[in-house]
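**Q** Return a 3D structure for these sequence lines:
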Amino acid sequence: MCKKIVSFLIVLLLCVMSSCPSYGADRMSQKSLYKQFQNPTARYRPFVRWWWNGDAVEAKELIRELHLLKDAGIGGVEINPIELPSNADLKGHKMLTWLSDEWIDMLKTVFTEAEKIGMTCDLIVGSGWPFGSESLSMKERASVLLTYAKKVEGGKPFEISEFEVFKQLDPGVTVVNTARRPRIVSAYMVPDSINNLSEAIDITSQFKDGELNMEVPKGSYQFYAMVEFESFADVINGAPGAAGSILNHMDAAAVRKYLDHMSSTIEKRIGPLSKHLRAFFTDSMELEGTNWTTDFRSEFLRRRGYDVMPWLPFTMFKVGRLGNVTSYVFGAKKGPKFKDEVDRVRFDFELTKAELLLERFSTTYYQWCKDQGVKSRAQCYGRGLFPLESSLGCDIPEGESWTTNYLRHKVGEEMPDSDYRRGRAYTMIDKYVSSAAHLTGKRLVSCEEMTNTYNVFSTSLEYLKVGSDMSASTGITHSVWHGFNYMPEDAKFPGWVQYGSYYNEHNTWWPYWKLLNDYRARMSSLLQNSDMVTDIAILPANADLWTELGVQTEPFPASLNVPYTSLIWEAIHKNGGGADYLSESIIEKSVVKNGKLCYGPKQYGVLFLPDVKGTTQKTLDKLLEFVKSGGRVFCIGTYPFRSLGLQDYEQRDAKVKATVEQMKQYPRNFILLEKPADDKYLEWYTAVMQKYQLPHAITITNPDRYVLQSHYLTDAKADIFFLVNANFNVAHQTDVIFPKTITEGRKACLYDANTGNRYALKLDKQTLHLNLGPSESYVIVFDKLGSASPWKPLPAEGKDSISVKNWKLSLHQPQEGWTKDTTLVDLVDLKDSLYKNFMGDITYTTTLHLDGKQLPQYLNLGKVCEIAEVKINGKEVGVRWYGRKIFDVGKYLHAGDNQLEVKVTTLMNNYMQTLKDSKVAQSFVIKRKRPLCSLGILGPVVLYR
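**A** Reported below is the predicted structural model:
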């Protein structure tokens, strides 16, 4: 009864918290929404993570940088104190201490100036990740339990010291804590083929004065030692005052004390933070494997009904940095029944840990934010948290996207089904985060956008655009660029660089960054004022993951039991539908109505179970009710066949199987699907959708791996469709068929997020013939507003083509301040020329002699690296910073001689390779052997009608 009451109170608390109105939840008419789209306010504009490098900040420079960001189209800053980059030279600038009077005064400076110029401020809790400080007491610091295993030959004496165990097991953390304190919790001698827990011999008491000496019985054995390391790791990249030991996030009192100390210290000096902040922010909980707290054993016993300690050594694997498993082949061989029982204990252990983190950290943090009158913004994932439920109570849940990751994959150039990670800028966690928002009616879903630790000087605006478009397809509605580095003006070029895509006034593309920010702001103004339409649900097999492999580090899990899960939602969206993730607890709390599974504002008529082997009885009971009422459940690969956890598992397994057999009595609604043998999940799902007539808002006749789609509905019941071609190089043609329920009585319009203009689209009956160019996106809105000018897409080719040659080039290098001229008859990639290490802008000019019969209408520059700005006869024609470089030039041309001028802005990478004495260049370019980037106009350049 006690367990049920506790669970009810947790659920009630989450429901109360999630029912609070979210930031940006004001309801808008379609007319007001379009007006906002044309000129978005600051709340919709991208924010930046503003790294206060080393907290070596000064008021004058802080104000200057705020204005720089404002002028570049940024709406707000996340103040993020962080360790001084190892490549930075302080040059006499003073590092301030977190929460010191001087540091708080700098906060006040920013708050005051931000308010003056209409910018928003968020503030990270602590510094670095996960947060902590130098001043934590030992009992407030995080701990980890690790297991040591060593093969022992029986029939001989065996000896080992605690020191040797500690040395071999010393945690492989990112930042080692020199005050770490190990102790042996338990030790066992175990047959190397163990079939029952009773076979493990407890030898803990045989350690004397730090040494174990014993006679081992004949046979093969494994020596196990379980060690607790208190204060085992330090904050990663912590700034002065907020470095030191990681906080114990499973101690509610320690968490609240830390948070209260932060808020009260600041407020004593400058008053209520609610006057200055939109939100506090916590970064992802990369807890370095933290898995223990003082009362874990008693909490486990209370919640799970048995003692975990005898089982615990066998549930663990060999681990390294961030707690990631380095080897699953570890310790004694286990018989099948014993292995199954150990796996079940592992699930119970992970579940208990996740519950403690939710109750003691997440809930404590959310309540503290409410007590300050400030929103909570959080990346509610990392290692050991519920990937979905932890975001339910957060005001502004956040995901993350990356320019690349440890795979060095290529966004825009690959997107295979054989590996769910490759070519995707969004990460696997984003769909969990957005699903939690959808389930609780939140529209503001932020993203640590395009995290960049690798391609710092070779990331283009086009790359950032496509990557953030990918994020939006998952349900993300607001970008927080990663990130803007504070650096004094006198810092030697390229300055202080922590991470990020070098959002800096010295970046060659800085003058054009506002174009990307305007684009993202217009997208956010639509998405934050509408709801994603999702009527299909997916239950990921996370319970099986925790059972078999243990928790993973999100958003880059080292191992997944079902690696294709995200390919299912991808395929649903790419076929014109929409999907969310659910969890067992969400399903259990759902209500079945008229064949729909209902939770909060969401209703789902279809549920996919991708390779779900184990689940809870309450989940199955709800799904049986769902199936009986007309809902459809599709099991992929297998039917569920086992319960979760250890207690009474054989009886519970039998009940699971019986319930599954009951559902099989409804073969139209409970269906087993085979996985595609060739990993082609897109084609597989297309066939499944057609065979079973699965819901999809629109029909995309030629779905493609790179073409992403999401559907939103505004308060005025206008349908928004966001379609993206995430391929940098290849256009894609398809017909999109809209049902009459969407088209009747409404106008099909293109909302141009680049300009804020609205254009009328011409449908062929219900069909739009769509040609998506490389990197191109369409925002199609069915509204009831007034008439609009017709949309006239620019053709990629035409009649009476004229090839353009004979160019004069003027290369301007802004950093070194020189300009050089040269000529080209035919265009070449300048990376293969004397100018291979150039960065800056290149102005191409040529004279075109045209007769007066029929003048060309369009100019296609072909391949350009990277940004093209065109003038004809001295008049500005336009800028193209992504996609095809095609311009409508008809009104600028005349008979006779015409001067064509194309200014091309390059990336910085090639020049950075020459800076042998720069620590920054060494770190991000030279040591990583970054390849040269293409430079200039590659062409072909063509005029046509």
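
**Q** How many residues are close by the closest residue to Asp490 other than its chain neighbours?
**A** Excluding its sequence neighbours, the residue lying closest to Asp490 (Cβ to Cβ, 6 or more residues apart in numbering) is Lys91, at 6.3 Å. Heads up, the C-betas are built off the backbone N, CA and C, glycines and all. Lys91 sits with 10 neighbouring residues when counted by other Cβ atoms under 10 Å.

**Q** same question, Val656
**A** A count of nearby residues for Val656, using other Cβ under 10 Å, gives 24.

**Q** I'd guessed Ser143 sits against Ala233; true?
**A** No - between Ser143 and Ala233 there is no contact under Cβ atoms under 8 Å: 9.7 Å.

**Q** shared neighbours of the two, which are they?
**A** Residues touching both Ser143 and Ala233 by Cβ atoms under 8 Å, 6 or more residues apart in numbering: Thr290.

**Q** higher neighbour count, the two?
**A** Neighbours were counted for Ser143 and for Ala233 using other Cβ under 10 Å; Ala233 has more, 29 against 24.

**Q** Could you measure from the more buried one over to Val173?
**A** 4 Å (Cβ to Cβ, to the nearest Å).

**Q** Now do the SS call for Lys116.
**A** Of the three states, Lys116 takes helix under DSSP: H, G, I helix; E, B strand; the rest coil.

**Q** again with the one 5 residues further on
**A** Local secondary structure at Cys121 is given as strand here, using three-state DSSP.

**Q** Give me the sheet partners of the helix or strand encompassing Ile842 and which way each runs.
**A** Assigned by DSSP states H and E, Ile842 belongs to strand 841-850. Strand 841-850 has its sheet partners listed here by DSSP bridges as strand 807-813 (antiparallel), strand 896-905 (antiparallel).

**Q** any idea how far the helix or strand following that strand is from the chain center?
**A** Going down the chain from strand 841-850, the next helix or strand is strand 858-860, by DSSP H and E. Here strand 858-860 shows a centroid-to-chain-centroid distance of 37 Å under the convention Cα atoms, centre = their mean, to the nearest Å.

**Q** what's the following helix or strand after strand 858-860?
**A** Sequence-wise, the next helix or strand downstream of strand 858-860 (DSSP H and E) is strand 863-865.

**Q** what's the neighbour count on Thr845?
**A** Other residues near Thr845 come to 15 when the count uses other Cβ under 10 Å.

**Q** can you check the one 5 residues further on too?
**A** Taking other Cβ under 10 Å as the criterion, the count of residues near Leu850 is 16.

**Q** low-scoring stretches of the stretch 451-600 of the chain, by residue?
**A** For the stretch 451-600 of the chain, no stretch is flagged by pLDDT under 70.

**Q** where do the helices sit along it?
**A** Using DSSP state H, counting those that start in this stretch, the helices found in the stretch 451-600 of the chain span residues 461-474, 510-527, 542-548, 565-574, 584-589.

**Q** Residues contacting the longest one, please?
**A** Right, the one you point to is helix 510-527. Residues from elsewhere that reach helix 510-527 (Cβ under 8 Å, 6+ apart): 33, 36-38, 40-41, 44-46, 71-75, 443, 461, 464-465, 468, 472, 477-479, 503-504, 507, 712, 714, 720, 722, 751, 753-754, 756, 779, 781, 867, 879, 881, 905.

**Q** On the three-state scheme, the residue nearest to the spatial centre of the chain is what?
**A** Among the residues of the chain, the one closest to the centroid is Glu400, at 2.0 Å (Cα atoms, centre = their mean). Reduced to three states with three-state DSSP, the structure at Glu400 is strand.

**Q** Is it bridged to anything, and to what?
**A** Per DSSP bridges, the residues bridged to Glu400 are Glu448.

**Q** picking up where we left off before, adding distance to Thr315, write the helices of the stretch 451-600 of the chain out as TSV.
**A** Formatted as TSV, the helices of the stretch 451-600 of the chain follow (distance: least, Cβ to Cβ, whole Å):
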stretch	distance to Thr315
helix 461-474	33
helix 510-527	42
helix 542-548	10
helix 565-574	24
helix 584-589	20
